[in-house]
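**Student:** what's the 3D shape of this:
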Amino acid sequence: MKIAVINTGGTLSCVGDPLAPMSAKDFAQACEKHLDPLLRQKFADIQVSYLTGVPFSASKNQTLDSTDLQPTAWCLMAQALLTHYADFDGFVLLQGTDTLDFTGGALPFLLAGFDSTGEITAALTKPVVITGSMLPMFYQEEGKGELALNFNTDAFQNLCGALAAASLGIPEVSVYFHHHLYRSSRVVKTHTSDVNAFSSPNYPPLAKYAADWSLYTEGWLPAPLRASTSLDDPKQRAEQLKRVTQLHADLDLFPVMLLNAFPAPYSASQGKALLADLVDAMVQAGARGIVLQSYGAGNFPSGNPDAPTEGAVYQAFLRARAQGVYLVNSTRVPAGAVKMETYAAGAWLRLAGVISVGDMTPMTAMAKLMILMALAKQQAWTPEEVERLMQTSLCGELG
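**Tutor:** Here you go, the predicted structure:
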């Protein structure tokens with residue numbers, strides 16, 4: 001089985017003090033010298049190749065700490081995957097953990113074709129596994145300046161696990177971390193430094209690895225029924241690459257911002273609220289969409305507890321909607337779903353034009369909304385169609 005490894009940066013491929021990303025070429029050379037002999041012993045049936053031609057021009061060495069990742073980087077990753085799709089049986093994408101859940105939210109929509117009704121026109125038939133680590137794969141030997149393998153680290157374990165997960169052939173984008181394989185659009189980073197840094201609160205794992213694999217096939221996305229609706233079809237693959245290339249040019253035109261609910265000052269009598277000022281500032285800064293990270297089941301301060309539709313935040317949302325800004329409600333709570341009608345403190349949001357995305361993570365909601373708005377420009381979709389697609393599970397991102 002031929003598996004391509006694409007290194008975008010992150011702790012796994014960092015060296016030095018302080019840690020900084022190696023170039024993709026330097027990392028590939030270090031792997032070929034120190035890691036590949038072990039991989040050949042461990043995975044006799046896997047042939048590993050390193051794709052080094054995915055440059056991130058914002059960085060001199062053309063890889064990035066994921067803190068510096070931009071939305072257009074998602075498109076660069078998808079372009080590389082689509083360009084080499086026919087050459088390999090699976091892919092492992094290395095990324096820093098800080099924004100891994102954003103990348104995991106974006107890639108499924110960049111590697112699938114769908115129309116305005118949500119019908120899938122081109123689907124993955126091969127695995128794409130994202131992984132990273134809390135510790136680097138290599139270190140510089142003291143006094144020698146040469147690289148050596150950090151064997152007993154989560155970097156080695158996660159890369160090996162990701163390669164093994166790719167060999168399972170599950171046809172979707174997933175995340176392998178600390179013995180678990182998750183649907184990528186469902187993961188959240190839940191620890192800053194522990195090796196068990198990611199979880200999937202609203203969707204069970206696709207597989208677990210201990211001495212052997214435990215496969216939970218009932219949770220996998222189905223493979224496309226026909227070759228004509230898969231990325232195996234050269235025509236569909238070319239069309240998807242064309243879409244993603246255009247998305248790379250357009251995505252920055254559709255910025256989406258996250259707005260976390262927090263106890264903020266307001267005055268119902270004066271019609272003022274700090275959160276309203278933040279909404280106005282976001283729109284003035286160019287936001288085309290705002291994803292709310294509400295309290296609990298979807299509650300958000302209106303600026304007037306007794307009459308929410310008279311509150312400053314409600315009025316700010318109306319102003320945003322009048323300028324064509326999409327308003328999406330997710331929850332800041334890791335597990336559970338938005339149900340805005342449960343409390344009066346959330347029911348007013350629908351009157352302001354806010355839509356719910358249920359149990360979708362805020363990171364996935366942000367990425368999906370950006371991509372849908374850019375696709376709407378390509379496909380001439382209406383705002384109503386964009387909102388309907390936001391609330392439709394296209395790649396298993398929504399329960």
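**Student:** tell me, how many neighbours does S13 end up with?
**Tutor:** 30 (other CB atoms under 10 Å). Placement of C-beta: from N, CA and C, glycine included.
**Student:** ah, wrong one, I meant S393
**Tutor:** Counted with other CB under 10 Å, S393 comes out at 12.
**Student:** setting aside sequence neighbours, what's the nearest residue to it?
**Tutor:** G399 (7.4 Å; CB to CB, 6 or more residues apart in numbering).
**Student:** the one you found: what's it in contact with?
**Tutor:** Residues in contact with G399, defined by CB atoms under 8 Å, 6 or more residues apart in numbering, are N202, Y203, A337, G358, D359, S393.
**Student:** hmm, Q95 and G10 touching each other?
**Tutor:** Yes - the criterion here is CB atoms under 8 Å, and G10 meets it with Q95 at 5.2 Å.
**Student:** what residues are shared contacts of these two?
**Tutor:** Residues touching both G10 and Q95 by CB under 8 Å, 6+ apart: S66, G132.
**Student:** hang on, the earlier thing: name only those of the contacts of G399 that count as buried.
**Tutor:** Neighbour-count burial (16 or more other CB atoms under 10 Å) applied to the contacts of G399 gives N202, Y203, A337, G358, D359.
**Student:** now name the helix or strand holding the closest residue to T245 other than its chain neighbours.
**Tutor:** Spatially, and ignoring its direct neighbours in sequence, T245 is nearest to Q79 (6.5 Å; CB to CB, 6+ apart). Element membership of Q79 [criterion: DSSP states H and E] is helix 71-83.
**Student:** any idea of the mean pLDDT for that helix?
**Tutor:** Confidence for helix 71-83, expressed as mean pLDDT, is 97.
**Student:** then stretch 89-96?
**Tutor:** pLDDT averaged over stretch 89-96 gives 97.
**Student:** quick one: that stretch to chain centroid distance?
**Tutor:** 13 Å (CA atoms, centre = their mean, to the nearest Å).
**Student:** low pLDDT regions in the stretch 101-250 of the chain?
**Tutor:** 143-144 (pLDDT under 70).
**Student:** can you list the domains in this protein?
**Tutor:** Following the assignment in automatic domain parsing, the chain carries domains at 2-249, 254-359.
**Student:** how about those, which one is nearest E384?
**Tutor:** The minimum distance between E384 and those falls on domain 2-249, with 9.6 Å, by CB to CB.
**Student:** quick check: end-to-end length of the closest one?
**Tutor:** End-to-end span of domain 2-249 (CA to CA, to the nearest Å): 31 Å.
**Student:** relative to the whole chain's centre, how far out is that domain?
**Tutor:** 11 Å.
**Student:** what's the helix holding Q79 packed up against?
**Tutor:** strand 2-7, strand 90-94, helix 100-110, helix 234-250, helix 362-379 (3 or more CB pairs under 8 Å, 6 or more residues apart in numbering; DSSP states H and E).
**Student:** V313 against L278, yeah?
**Tutor:** No - when contacts are counted by CB under 8 Å, V313 is not listed as touching L278 (9.2 Å).
**Student:** neighbour count winner among these two?
**Tutor:** V313 (25 against 17).
**Student:** what pLDDT does the model give the more buried one?
**Tutor:** At V313, pLDDT is 98.
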